[in-house]
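Participant: Return a 3D structure for these sequence lines:
(chains A and B)
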Amino acid sequence: MAFIKEKRKLVYPRQHAAHQAGAPILESKNLTVRYDSRLALEDLSFRLHPGERVAVVGPNGAGKSTLFKVIAGILQPTSGQVDVFGGGPGGHICIAFVPQRSQVDWTFPVSVVDVVMMGRIGKLGLFNWPKKRDWDFVHQALADVGLSAMADRQISELSGGQQQRMFIARALAQEAELMLMDEPLNGLDINSQEQIFDILGELRRRGVTVMVATHDLDQAAERFDRVLLLNHRLIGFGSAQDVFTTERLLEAYGGHLRLVQTGSEFLALGDTCCEDGEE
Amino acid sequence: MNALLNLILTPLNYPFMVRGLLAALMVGVVCATVGTYVVLRGMAFFGDALAHAILPGVAVGYLVGGGAREPLFWWGLAAAVVSSIGIGTITKGAQVREDTAIGIVFASMFALGIAMISTVRSYTVDLTHFLFGDVLGVSSADLWLILIFGGLIVLSVLVFYKEFLVLSFDPLLAATLRLPARWLEYFLLVLIAVAIVVSLQTVGVALMVAMLVTPAAAAFLLTRRLPVMMILAAAIASASGVIGLYISYYLGVASGAAIVLTSTVFFSLAWLARTLKSAMLRGQVSEPKGVLQSDV
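Facilitator: The predicted structure is shown next:
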């Protein structure tokens, strides 16, 4: 494997920004993103606690993916800013973006362990091949998500839940401290969803902060510390009890949400989603 | 047995045939290696366009050099690098669809090249060589150029293996890992461009895309591992080059066409093999579920 041994480690530009002590893991200040003339995100300000699990909810096209891309440092905001550990996200490799399964080429000739090893590449740097330490990280990550037995499978052989767990393993191998997951539960059966939640529980114990975009308001309310209700603007951020009020939900979803009033309580019956159509 | 040996050895008495075979072997390896990424990233049309777009460069070399080989290579190289970066920039920034932009650049550059070459009286013969290759006209100096530049390409693909892998499989990951994605992207385009120039004499501009795509596509059908795919593609491409040249020698067929058609036969065989394998797997009831989720 050691094709070229370089004594000095060549690091990619703008990599490994130092974390400022005491700075919030993520802080968004008046974040605005404009595509041509269309406003994708408008004046978003919020702050995350370390290790918390946040559900990002909102209708299709509300700007959830845009928000994740800005936080991941892939997209530059039009105005305002996002700080991760007190610095711009572009300097960090501790942010992992877990893609939607539908956006991955599953015929690509790579095995599960190959994909997880991709997470190490930021730490490895140019001209360096994986060393024992990197393999240890990869195998540990696979064990953490329960995919050790599948390590050498081609990625198309995985089930939907396994595919999702593989990407979480990749984020673990990346040593991510902030994970952004785009609709990870979409199209998964209950068992697979529970496996993902088990892993999210383990992530919480390790102090990894997780933001999950989801369509499922019930799950958002029950399984997350806080919910962030988004429709281009920040409509609410806090506990589900405070945020999921009839008024706010209607503001976010307009007529696309079915609300059922039961006494003083209300039931939200989910919005009209999804691309994958496997509700 | 002896007859077969004779069949193989007789053409080797001709130095031009030996040089042609060496060129076909090396070009096969080089094209298949970068071709793997062309196939995986769906860049076949880009590769075809790039091959055609270098014609004006070759034309300048042809007009300046007065028939000498060397200028063709260097001008072709310059044109290829400029075209690859140009097409790359246009596909990023154009207001029209990417394939439309590529189509415009490709056709205009090709037309410009033909216009330039057509100013010379004997142009049809030379133009044919540029379009369809002239592998039997390869000189020792050409062989050295192929070896050096081809070697550099293969070396680059190996050295940047993990970066190109991430860039091709998941560009968003490349961005979150802060890889210099844009530079890597351009670098890959330049590697493809250089591979095309290196192969120019073997199959020519018009058939180049087959060298990039067909062996890699055949290999894609046979394996699910990237390194294996590259090695298989290189083997298939080299074999196509050698077999094609022999066919050309004995049947008097144009060499470039013979090489390309041989690789097409390899692709068909790979397709057949994969179809048979899938059918056999489907027949096995005991096979655990999920194995055949993706039939390509």
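Participant: name the element A:Leu230 belongs to?
Facilitator: strand A:226-231 (DSSP states H and E).
Participant: near chain A, which residues of chain B show up?
Facilitator: B:40, B:158-159, B:162-163, B:165-166, B:168-170, B:172-173, B:175-180, B:220, B:223-226, B:228-229, B:290-291, B:293-294, B:296 (CB under 8 Å from any CB of the partner chain). Quick note: C-beta positions are derived from backbone N, CA and C, even for glycine.
Participant: Write a PyMOL command that selects only the buried members of the residues you listed.
Facilitator: In PyMOL syntax, the buried subset of these is picked out as below (16 or more other CB atoms under 10 Å in any protein chain shown):
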select buried, chain B and resi 40+162+163+165+166+168+169+170+172+173+175+176+177+178+179+180+220+223+224+226+229
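Participant: Return the subset of the residues of chain B next to chain A lying in helices.
Facilitator: Counting by DSSP state H, the residues of chain B next to chain A place B:40, B:158-159, B:162-163, B:165-166, B:168-169, B:172-173, B:175-176, B:220, B:226, B:228-229 in helices.
Participant: how about the strands in chain A?
Facilitator: In chain A, the strands defined using DSSP state E lie at A:26-35, A:38-48, A:53-57, A:79-84, A:95-98, A:178-182, A:209-213, A:226-231, A:233-238, A:257-262, A:265-271.
Participant: Please report how far the nearest residue to B:Asp48 once chain neighbours are set aside lies from B:Phe46.
Facilitator: Of all residues not flanking B:Asp48 in the chain, B:Val209 sits nearest, at 3.9 Å (CB to CB, 6 or more residues apart in numbering or on different chains). From B:Val209 across to B:Phe46, the span is 9 Å (CB to CB, to the nearest Å).
Participant: repeat for A:Gly91
Facilitator: Distance, A:Gly91 to B:Phe46, using CB to CB: 33 Å.
Participant: neighbour count winner among these two?
Facilitator: B:Phe46 (23 against 17; other CB atoms under 10 Å in any protein chain shown).
Participant: Hmm, B:Ile87 and that one touching each other?
Facilitator: Yes - between B:Phe46 and B:Ile87 a contact is recorded at 6.5 Å, counting by CB atoms under 8 Å.
Participant: Quickly list what's touching both of these two.
Facilitator: Common neighbours of B:Phe46 and B:Ile87 (criterion: CB atoms under 8 Å, 6 or more residues apart in numbering or on different chains): B:Ile102.
Participant: Sketch out the low-pLDDT regions of the stretch 101-250 of chain B for me.
Facilitator: B:123 (pLDDT under 70).
Participant: residue boundaries of the helices in it?
Facilitator: Along the stretch 101-250 of chain B, the segments classed as helices by DSSP state H, counting those that start in this stretch run B:123-132, B:140-159, B:161-169, B:171-176, B:181-222, B:226-251.
Participant: Looking at those helices, which is nearest to B:Gly28?
Facilitator: Taking CB to CB, helix B:226-251 is the member of the helices of the stretch 101-250 of chain B nearest to B:Gly28, at 3.4 Å.
Participant: relative to helix B:181-222, how tilted is the closest one?
Facilitator: Between helix B:226-251 and helix B:181-222, the angle comes out at 70 degrees (axes from the mean of the first three to the mean of the last three CA atoms, to 10 degrees).
Participant: OK, contacts around the residue nearest to B:Asp48?
Facilitator: Per CB under 8 Å, 6+ apart, neighbours of B:Val209: B:Ala44, B:Gly47, B:Asp48, B:Ala51.
Participant: wait, what's in contact with B:Ser199?
Facilitator: Applying CB under 8 Å, 6+ apart to B:Ser199 gives the contacts B:Val27, B:Val30, B:Cys31, B:Met208, B:Met211.
Participant: Mind doing that once more with 6 Å?
Facilitator: Residues near B:Ser199 by CB atoms under 6 Å, 6 or more residues apart in numbering or on different chains: B:Val27, B:Cys31, B:Met211.
Participant: nearest residue to it other than its sequence neighbours?
Facilitator: Leaving aside its sequence neighbours, B:Ser199 sits nearest to B:Val27 (CB to CB, 6+ apart; 4.4 Å).
Participant: got the phi/psi numbers for the one you found?
Facilitator: The phi and psi torsions at B:Val27 (degrees, to the nearest 10) take the values phi -60, psi -40.
Participant: mind checking how far it is from B:Leu226?
Facilitator: If you measure B:Val27 against B:Leu226 using CB to CB, the figure is 21 Å.
Participant: Local confidence estimate at whatever residue of the stretch 1-150 of chain A ends up closest to chain B?
Facilitator: Proximity to chain B, evaluated over the stretch 1-150 of chain A using CB to the nearest CB, is greatest for A:Gly122 at 3.5 Å. A:Gly122 carries a pLDDT value of 85.
Participant: Count the neighbours of residue 145 for me.
Facilitator: Since you didn't name a chain, this refers to chain A. With other CB under 10 Å as criterion, A:Val145 counts 25.
Participant: looking at chain B here, not the other one
Facilitator: Using other CB under 10 Å: B:Leu145 sits among 20 other residues.
Participant: Not counting residues beside it along the chain, what's closest to it?
Facilitator: Nearest residue to B:Leu145 in three dimensions, chain neighbours excluded: B:Phe73, at 5.6 Å (CB to CB, 6+ apart).
Participant: Can you dump the C-alpha atoms of the helix or strand that contains the one you found in CSV for me?
Facilitator: Using DSSP H and E, B:Phe73 sits in helix B:70-93. Presented in CSV, the C-alpha positions along helix B:70-93 are these (Å, rounded to 0.1, in the frame of the first residue of the first chain):
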residue,chain,number,x,y,z
GLU,B,70,7.2,16.5,-33.0
PRO,B,71,5.4,19.8,-33.4
LEU,B,72,2.1,17.9,-33.8
PHE,B,73,2.6,16.4,-30.4
TRP,B,74,3.4,19.7,-28.6
TRP,B,75,0.8,21.8,-30.3
GLY,B,76,-1.7,19.0,-29.8
LEU,B,77,-0.8,19.0,-26.1
ALA,B,78,-1.2,22.7,-25.7
ALA,B,79,-4.6,22.6,-27.5
ALA,B,80,-5.8,19.7,-25.4
VAL,B,81,-4.9,21.4,-22.1
VAL,B,82,-6.5,24.7,-23.2
SER,B,83,-9.6,22.9,-24.5
SER,B,84,-10.1,20.8,-21.4
ILE,B,85,-9.8,23.8,-19.1
GLY,B,86,-12.0,25.8,-21.5
ILE,B,87,-14.7,23.2,-21.6
GLY,B,88,-14.5,22.7,-17.9
THR,B,89,-15.0,26.4,-17.4
ILE,B,90,-17.9,26.6,-19.8
THR,B,91,-19.7,23.7,-18.3
LYS,B,92,-19.5,25.4,-14.9
GLY,B,93,-20.4,28.9,-15.9
